[in-house]
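Asks: everything below, folded, please.
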Amino acid sequence: MMIQPQAQAPDRERRIHLTQGEHHVSQDSGVVLTTILGSCVAACLCDPVAGIGGMNHFLLPDQQGTRDSPGSVRYGAYAMEILINALLGRGARRDRLEAKLFGGACMIAGLTDIGQQNAEFAERFLKQEGIPVIGGSLRGSHARRIQFWPRSGRVRQMAIANSDAEVFAIERTVVPRAPASSGALELF
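Replies: Down below sits the predicted model:
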């Protein structure tokens, strides 16, 4: 009896899910970065020539305290700086970076609209840094799931059927981890 070789399954995408305070950069065509956003914002940055991209997920626009505190990873200023530095460190060129911004929803009516503040911060930061925003979906009143293919810059957004309060709670239950120290960090 002759044994037939088994057909190999096609390569599957490797999904990396980001929560608040996290970022990830990749050049791997098999990687897709995912996150769920309510009032938080995710910036998807890509250098299409180098085929490298990355995404972050931040909870609040402005940093309170010092850059070295573990809570820093929750703030937009730190999240944007760390993502841009990680891209540049892996070979992206600043003059070729393109951005797509997502999130910033008003999740609970009657409370401070932190989503609006996050969206305004992200737009202002990228404008000041000279990085064009070429797409995305900011503000509104509903949560979204984002899938980002960092090598190509392609993004897919899906509406979330969960209640807004559930997504609001999910965003805040994960305690962000401070990134491991990797040496010098250029902040701009």
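
Asks: now for the helix or strand harbouring Phe148, which elements pack on it?
Replies: Assigned by DSSP states H and E, Phe148 belongs to strand 144-149. For strand 144-149, the elements it packs on are strand 31-37, strand 41-47, strand 52-56, strand 98-103, strand 154-159, judged by 3 or more Cβ pairs under 8 Å, 6 or more residues apart in numbering; DSSP states H and E. Bear in mind the C-beta positions are built from the backbone N, C-alpha and C, glycine included.

Asks: could those go into a markdown table alongside mean pLDDT?
Replies: Formatted as a markdown table, these follow (pLDDT from 0 to 100):
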| stretch | mean pLDDT |
| --- | --- |
| strand 31-37 | 95 |
| strand 41-47 | 97 |
| strand 52-56 | 97 |
| strand 98-103 | 96 |
| strand 154-159 | 92 |
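
Asks: show me what the strand holding Phe148 pairs with in its sheet, parallel or antiparallel.
Replies: strand 31-37 (antiparallel), strand 154-159 (antiparallel) (DSSP bridges).

Asks: ok, and what's touching it?
Replies: With Cβ atoms under 8 Å, 6 or more residues apart in numbering as the test, strand 144-149 has contacts from 29, 31-37, 42, 44, 53, 55, 100, 102-103, 105, 137, 154-160.

Asks: quick check: angle from it to strand 98-103?
Replies: Interaxial angle of strand 144-149 relative to strand 98-103 (axes from the mean of the first three to the mean of the last three Cα atoms, to 10 degrees): 160 degrees.

Asks: begin at 683 from now on, thanks
Replies: Sure, I'll start numbering at 683, so the last one becomes strand 826-831.

Asks: packing partners of the longest helix along the chain?
Replies: If you go by DSSP state H, the chain has its longest helix at helix 796-811. Contact here means 3+ Cβ pairs under 8 Å, 6+ apart; on that basis helix 796-811 packs against strand 723-729, helix 758-771, strand 780-785, strand 815-820.

Asks: residue contacts, the most centrally placed residue in the chain?
Replies: The structure's the chain has its C-alpha centroid closest to Asn738; by Cα atoms, centre = their mean the separation is 2.7 Å. Counting by Cβ under 8 Å, 6+ apart, Asn738 touches 700, 704-705, 724-725, 761-762, 764-765.

Asks: try it again at 10 Å.
Replies: 700, 702-707, 715, 717, 722-727, 755, 758, 760-766, 768, 804 (Cβ atoms under 10 Å, 6 or more residues apart in numbering).

Asks: beta partners for it?
Replies: Note on Asn738: beta-bridge partners by DSSP bridges are His705.
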